[in-house]
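Asker: Compute the structure for the input listed below.
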Amino acid sequence: KRARRDRGRSRGGAAGWMATTGERISKIGSANSSTWSSKEEEKAQRAAIHESQKKRAAWLKEQQDAENNIVHEVAAVDKAAALKRKRQQEDEIKALMEAADQERASASSKLGAGG
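Answerer: This is a model prediction of the structure:
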């Protein structure tokens, strides 16, 4: 019985006193860094860290979105240029085929007239 009473009285910081599990957990949870002098300071600093991480993540997302927009714009311009080249080539081929047809027709009429 005496040991229990002494243990209860020595919680004020006696060397032989052992912290309860709950006390140890609360110490671990709130004072895991020696940079904070109080729980309030820790909360404020952790909130500031969290805000800076959120801002950084938002900034990175903006950068990625801007980069993606540029990539899409370049792809659209490339596609339009390729389509224009394809139409030019098709027009050139069509013109060459029409010229060949006209040449054949004139050659046929010359053969027909010459025969």
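
Asker: I'd like to know how many residues surround residue 66.
Answerer: When neighbours are defined as other CB atoms under 10 Å, residue 66 has 10 of them. In this view, the C-beta of every residue, glycine as well, is placed from N, C-alpha and C.

Asker: What separation do you get for it and residue 59?
Answerer: To residue 59, residue 66 is 11 Å away according to CB to CB, to the nearest Å.

Asker: just residue 45 next, same as before
Answerer: With CB to CB as the criterion, residue 45 and residue 59 are 21 Å apart.

Asker: What ranges in the protein fall below the confidence cut-off?
Answerer: For the chain, residues meeting the criterion pLDDT under 70 lie at 1-17, 25-34, 112-115.

Asker: In it, mark out all the helices, start to finish.
Answerer: In the chain, the helices defined using DSSP state H lie at 2-9, 21-30, 39-114.

Asker: From residue 111, how far off is residue 97?
Answerer: In terms of CB to CB, residue 97 sits 21 Å off from residue 111.

Asker: no no, residue 50
Answerer: From residue 50 across to residue 111, the span is 90 Å (CB to CB).

Asker: and if you look at residue 44?
Answerer: Using CB to CB, residue 44 is found at 100 Å from residue 111.

Asker: If you count surrounding residues, which of the two has more?
Answerer: Per other CB under 10 Å, whichever of residue 44 and residue 111 has more neighbours is residue 44, with 12 against 9.
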